[in-house]
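A.B. asks: Please find the sequence and the predicted model below.
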Amino acid sequence: EVQLVESGGGLVQPGGSLRLSCAASGFTFSSFNMNWVRQAPGKGLEWVSFISSTGDTIYYADSVKGRFTISRDNAKNSLYLQMNSLRDEDTAVYYCARDRNGDFDFWGQGTLVTVSS
Amino acid sequence: QSVLTQPPSASGTPGQRVTISCSGSSSNIGTNTVSWFQQLPGTAPKLLIYSHNQRPSGVPDRFSGSKSGTSASLAISGLQSEDEADYYCAAWDDSLDGWVFGGGTKLTVL
């Protein structure tokens, strides 16, 4: 059974940093591209970042470019999102999503990041 | 403001057929495949339709998708109370080098 479990969310002050993790199981993690998608409270979905299966291709939404860094460790079946210089508007539930040929076919349950002083 | 445009709300009675539209441009829907997601209250999104009109295993055939030019549509026939959810369209955007989502449509079953 495919499982994606996010962790690392919490309360952080503006300007602070946080590192999210996504633990994958039930499939060959190294064969799939992965994404982070977020959802602010009461709002819609916003794509954040993409990383290819090998990690050599990475994309970011303009809203996080230069502040967030996506990475993966295929040996540990894990996906990461390093978030720096956090702003109030980064407050959201962050989901990791498996990317099967351009389709987000499995999503984790999400982890809540709250940026507030 | 979302790159893909969806109506904020839609409604129907049990058994009815409803459609949800998703309008984009030549750099996203016009060139790339469209996916649809269903998000039930308090849960993570779930893939409903991919490659414009394909259903993952387990998704009822009451759900169907289509695309024409730079727009796409999700149709739900035989509406049921458990279909009450938020629905999102998405596509890759060649100009932005990233995924874009619609703003979401809240479906109410009356």
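C.D. replies: Sure thing, it's come through. Numbering: from 1, shown residues only, chains lettered A, B, ... in the order given.
A.B. asks: Enumerate every residue touching residue 41.
C.D. replies: You didn't pick a chain, so chain A it is. A:Pro41 sits next to A:Thr91, A:Ala92 when contact means C-beta atoms under 8 Å, 6 or more residues apart in numbering or on different chains. Placement of C-beta: from N, CA and C, glycine included.
A.B. asks: To clarify, I was referring to chain B.
C.D. replies: Counting by C-beta under 8 Å, 6+ apart, B:Pro41 has contacts B:Ala85.
A.B. asks: same check, this time on A:Ser117
C.D. replies: A:Gln13, A:Pro14.
A.B. asks: Chain B versus that one, what's the distance?
C.D. replies: 28 Å (C-beta to the nearest C-beta, to the nearest Å).
A.B. asks: try A:Arg98
C.D. replies: 10 Å.
A.B. asks: per-residue pLDDT, that residue?
C.D. replies: Looking at A:Arg98, its pLDDT stands at 97.
A.B. asks: Just the element for it, please.
C.D. replies: strand A:92-100 (DSSP states H and E).
A.B. asks: Kindly report the residues of chain B close to chain A.
C.D. replies: B:2, B:32-33, B:35, B:37, B:39, B:43-47, B:50-51, B:56, B:86, B:88, B:90, B:92, B:96-104 (C-beta under 8 Å from any C-beta of the partner chain).
A.B. asks: Now a ChimeraX select for only the buried ones of the residues you listed.
C.D. replies: Only the buried members of these enter the following ChimeraX selection, criterion being 16 or more other C-beta atoms under 10 Å in any protein chain shown:
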select /B:2,32,33,35,37,39,44,45,46,47,50,86,88,90,92,98,99,100,101,102,103,104
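A.B. asks: What about the residues of chain B next to chain A, which are in strands?
C.D. replies: Among these, DSSP state E puts B:35, B:37, B:39, B:46-47, B:86, B:88, B:90, B:92, B:98-101 in strands.
A.B. asks: what residues does chain A put near chain B?
C.D. replies: So far as C-beta under 8 Å from any C-beta goes, chain A lies against chain B at A:35, A:37, A:44-47, A:50, A:59-62, A:95, A:102-110.
A.B. asks: Can I have the buried ones of the residues you listed as a ChimeraX selection?
C.D. replies: Filtering the residues of chain A next to chain B down to the buried ones (16+ other C-beta under 10 Å) takes a single ChimeraX command:
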select /A:35,37,44,45,46,47,50,59,60,61,95,102,103,104,105,106,107,108,110
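A.B. asks: residue closest to the middle of chain A?
C.D. replies: A:Trp36 (3.2 Å; C-alpha atoms, centre = their mean).
A.B. asks: who touches whichever helix or strand that residue is part of?
C.D. replies: Using DSSP H and E, A:Trp36 falls within strand A:33-39. Contact partners of strand A:33-39, identified using C-beta under 8 Å, 6+ apart, comprise A:20, A:22, A:24, A:45-53, A:70, A:72, A:79, A:81, A:90, A:92-99, A:104, A:107, A:110, A:113, B:45, B:99.
A.B. asks: about what we covered before: so for the strand holding A:Arg98, what gets flagged as buried?
C.D. replies: Buried residues in strand A:92-100 (16+ other C-beta under 10 Å): A:Ala92, A:Val93, A:Tyr94, A:Tyr95, A:Cys96, A:Ala97, A:Arg98, A:Asp99, A:Arg100.
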